[in-house]
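> Next input, structure requested:
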Amino acid sequence: MKKFNIRKVLDGLTAASSSSPSSAAAQPGTPKENDAVQETLQSENFQLCKTVRHGFPYQPSSMAFDPVQKILAVGTQTGALRLFGRAGVECYCQHESGAAVIQLQFLINEGALVSVLTDDSIHLWNLRQKIPAILHSLKFNRERITYCHLPFQSKWLYIGTERGNIHIVNVESFTLSGYVIMWNKAIELSTKTHPGPVVHISDNPMDEGKLLIGFECGVVVLWDLKSKKADYRYNYDEAIHSVAWHHEGKQFVCSHSDGTLTTWNIRAPAKAAQIITPHGKQPKDGKKPEPCKPILKVEYKTTRAGDPFMVLSGGLSYDTVGRRACLTVMHGKSTTVLEMDYPIVDFLTLCETPYPNDFQEPYAVVVLLEKDLVVIDLGQIGYPIYENPYPLTIHESPVTCCEYFADCPAGLIPALYSVGTRQKRQGYSKKEWPISGGNWGQGTQSYPEIIITGHADGSIKFWDASALMLQVLYKLKTAKVFERARGKEEKSGADIVEEDPFAIQTLSWCPESRMLCVAGVSAHVIVYRFSKQEVTTEDVQLLEVRMQCDFSDVDSPDPGGDQTPTLPTPGASSSPQESEPPTQTSTGSNPSDGPRDNIPCLQVRSSPLKQSPGYQVELVVQLVWVSGEPPQPITSLAINSSYGLVVFGNSNGLAVVDYLQKTLLLNMGTSELYSPSDPYQRQPHSPRKARQPSGALCDSNDGANPSEDRCKSPTSGSTSPCNSDDERRQKFMQKVKLKSRRFSKTVASDFDAKDNSFTRSRSSSVTSIERETREAISSFHFCESFPRKTDTLVSPCLLVGTTQGSVMTVALSVPPGGDQRLQQSVGISSCGTLVRLKGGILTMALLDSTATLLPPVYEPWYDPNASDEEKEKSRRRRPASPPSSQEGQESQFAVLCSEKQAKVVAMPSQTRLYKHNITETSFVLRADVVLMAGANCIACFCANGHIMTLSLPSLRPLIDINYLPLTDMRIARTFCFSNLGQALYLTSPTEIQRITYSQETCDNLQEMLSELFTPVETPEAPNRGFFKGLFGGGAQSLDREDLFGETAAGKASRSLAQHIPGPGSMEGMKGAASGVVGDLARARIALDERGQKLGELEERSAAMMASADSFSKHAHDMMLKYKDKKWYQL
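Numbers count the residues shown, from 1 in each chain. Sure, this is the predicted structure:
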């Protein structure tokens, strides 16, 4: 019996009600009812989950290293944990509270990690599972945590607090011991005031029973754990920042706030054995050296064969103003100062042994900087750094745009890698990367994936993103094409962007032909070809384009419906300029010279350009100033290698360039694309006037007014202040909508701005309101389709989408290949409006009659610098026109998606078949037609955080998940979908978050993820030697259980800290950790609080009972004492 599915019935009713009422049989090229496409995608094919996070941990705050497992952990100010092993082994997890991580401690070789947060909570993470989870948490209520110490192979964690006390936690059960070291007992009468917070705790390497406690004020106490008293106290006038032991346990070193290092013998507390100021100038008269900046951390590591190493951060003299942060390595008599690019957050010295009582044998120093991770080789002269295998350079320059390509051509990654290896720096350490723990995942995903990032400095990076890893392949610097401004006078000339004039705005890439086209923020477009051979270009081919506004006082040609403007408009240069641009570039900045005109924003270099193997410049196109108005930013871009065309558009119109002939084919205002008989036609107008939409502009079937389709500019609404969260949120959404298409000054400043406020307008005379009311070009799509309703053969076309929701068709007449293509010009004719949607057009695609995606045609890659014979062998261009067998081809489906809705239109009849309103209250930021489980669908990301997919061609909703509330412009600018259920976005200025919306990938995620913990034998403890064993000179062990256990130390006060069981044991429950489990967790916490109060009551009752028992015992003893005595014996 066939299973009845009410959902499909409802979907069918919806589709039927939304389809066009016109007769399907009356129009040629319209699918008949019995030809309905069988859709295979179901909701069960989709599930949303995060996969991996790449990049440098944003705002790092702490670091730890497991010397046996060789795993590095980094904590951040937002409560994130990043764990790194060998290249490709990375893991990300997050504390729910979002509090900053102040310290991390590995349980060495145990597959566990303790994290300490600023909210005074400590957490135990289980690293033995692929997705680490918290096993236990302990929240301190009455004291602030300042420092923690976990001795090697111990289960007792020492916790120092702001009050100066030390508490002890059993890390197995996460319970507090009753053993407490109170600050007043530790210092007694050594100081008259409170010693301040605990800044250091460590046990003597040779005697676990002696605990060294450092207080901020400068007091250090050696505490005897057994006798519960201080053995020695060491006083110094300056505040302490860190303490480090010599491995023999007879000496320790303190770093102080005046830039000094004091060395103390443990049995001589009266005076420091040595006081040095590493960076202080030594006066000749024997006085104290001048104070320096604080030494924030010092590490003291010994070697068997030579002098010990002392590594420290900070301590520079105060006269080194503006000097970068430094790490100082003191070895014997030599002192080496290593300058860092960013401030130092923390550093760790990596040693051969995990045992503190053995020669340490340091071999490397890991330095965590604010924006980088550096590992220094201590074993080579000059201390070279290791080559970092992690993808931590995403933020080398702020990311301004991002594209994701899954299932790329097979030879593409090796080709990019081969040209990228030549760009690598030299001078790295020859040793292998020391952080080498973990194992790669055993994933089944084998298809190549590439991520392309565009940056504020004009660079473009290609990344290999296959198998959940990320590795940089190749870096392209687009700024090399232009002259660099040498001084402020030159810079203020024609630049419309004060900062980052080379920033990448958008890019278009054809993986099959390897053609690349990029648009920059200074209204420039560069076309690149890929070549494996080096070439020197004498003159960079330049084309200047004058795109002006369609003001009512500007004469514009009447674009007839079948007009074929094969020649450029008079205002544009039609041939490549091999000479330098006009000299007005430098003089046009003077107001006396009149308004700036015909000047590009950047000057293309005039000297020969040496181009390395990789992407090489084919053509530069620049928009020029028009009558004092700067060119508007480019909002959309597309390239097609089969036709040899590049098309780009902005708020003024669009331009089509033939990059083979280096000519401008078309320069047309947006309004000119509408044919005279077009119901959507817009007459040329001044954008300074308010737009009055006519009824003819609305699709009668849509029933919506275009004036409501788009959010207004934030400056165009009511002048009343924002007095509610809803208004504030609405204003932010309006900003996102405007800025997600373009940025005015620099994307980097937009991303880092806290209030996401608008930067300076590009033009003093054109406000954001006026720019918003113009109809800009928002998207392009090259295809082989039916340009007109009467066509029976497919031919080259260009679909043009606008910000007002119009989709227009432009027919292309491409000459045959070979010499004819280089001699004859491409014909272009506008065919009017295909369809209109609510909101700006985001993406367009074509499907054949079986709903299979029809990708744009392309030319297979060939090396442009190869010999003619090799070119002929490899250059087999696909036919630009389809073969005659397609004459009887049935219909196509045109898939169109805007900020508000999606439509599917039959071609060539141009009949609307399906329509779906994606959102009413929000708008779509990114939409892509993607391949998923063997079928195609539309994937959408909305500004309200929802991710949705729609089936094709019926636009049936498949998933709608509220994933990520839009909180900043970065996500809006960088979110992108790819095939096979992959997507990504920039979650911070330094990190890429990859997600999947595929059920299959989610099911296989555990296998694909890397393993952090691998079984490794703990190294043997150092041999004590015969004499040390005989006379007791070796390390003294301590049975901490006897001291800190409940039987000896008693129970700790329940009100001091609250134990919270972690969700680590519930990992297999996957998504069930929401709703009910959250309620249960809250109930459990409430029960814990109630139990805590009952526990306090129980403690008081027990104390009263003990007192009563004691009184009874004393009374009984007195009675026995005097029981048999006579009265005269009393």
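> got any ranges where the stretch 101-250 of the chain has weak pLDDT?
Along the stretch 101-250 of the chain, segments meeting pLDDT under 70 span 190.
> again, only this time at 80
For the stretch 101-250 of the chain, applying pLDDT under 80 flags the ranges 188-192.
> those helices in it, which residues are they?
For the stretch 101-250 of the chain, helices defined by DSSP state H, counting those that start in this stretch occupy the ranges 183-187.
> what's next to stretch 156-168, contact-wise?
Defining contact as CB atoms under 8 Å, 6 or more residues apart in numbering, one finds that stretch 156-168 is touched by 105, 114, 122, 140, 143-150, 169-171, 176-177, 179-183, 186-187, 194-201, 211, 213, 215, 1040, 1044, 1052, 1056-1057. (C-beta placed from N, C-alpha, C; glycine too.)
> Now do the end-to-end distance for it.
Terminal residues of stretch 156-168 are spaced 6 Å apart (CA to CA, to the nearest Å).
> Next step: the contacts of stretch 156-168 restricted to strands.
With strands taken from DSSP state E, the overlap with the contacts of stretch 156-168 comprises 105, 114, 122, 140, 145-149, 169-170, 176-177, 179-181, 198-201, 211, 213, 215, 1057.
> Checking Ala415 next. Helix, strand or coil?
Following DSSP: H, G, I helix; E, B strand; the rest coil, the label given to Ala415 is helix.
> In the stretch 501-650 of the chain, what residue spans correspond to helices?
For the stretch 501-650 of the chain, helices defined by DSSP H, counting those that start in this stretch occupy the ranges 584-587.
> in it, what spans have low per-residue confidence?
Low-confidence segments of the stretch 501-650 of the chain (pLDDT under 80): 549-595.
> what do you get for the stretch 951-1100 of the chain?
Applying pLDDT under 80 to the stretch 951-1100 of the chain flags residues 965-968, 1023-1055, 1064-1100.
> Could I get the full set of strands for it?
Using DSSP state E, counting those that start in this stretch, the strands of the stretch 951-1100 of the chain run over residues 957-962, 976-978, 982-988, 991-998, 1057-1061.
> Which neighbouring elements make contact with the shortest one?
Think strand 976-978. Packing contacts for strand 976-978, counted by 3 or more CB pairs under 8 Å, 6 or more residues apart in numbering; DSSP states H and E, involve strand 399-406, strand 924-932, strand 982-988.
> let's go with 10 Å and repeat that
strand 399-406, strand 449-455, strand 924-932, strand 935-942, strand 982-988, strand 991-998 (3 or more CB pairs under 10 Å, 6 or more residues apart in numbering; DSSP states H and E).
> Output the ones you listed as TSV; include the columns mean neighbour count and distance to Gln129.
Putting these into TSV (neighbours: other CB atoms under 10 Å; distance: least, CB to CB, whole Å) gives the following:
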stretch	mean neighbour count	distance to Gln129
strand 399-406	22	27
strand 449-455	25	26
strand 924-932	22	29
strand 935-942	24	30
strand 982-988	24	23
strand 991-998	23	19
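> Output those strands as JSON lines; include the columns distance to Ser1112.
As requested, those are exported to JSON lines (distance: least, CB to CB, whole Å):
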{"stretch": "strand 399-406", "distance to Ser1112": "77"}
{"stretch": "strand 449-455", "distance to Ser1112": "78"}
{"stretch": "strand 924-932", "distance to Ser1112": "77"}
{"stretch": "strand 935-942", "distance to Ser1112": "75"}
{"stretch": "strand 982-988", "distance to Ser1112": "67"}
{"stretch": "strand 991-998", "distance to Ser1112": "67"}
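> Cool, thanks, talk later.
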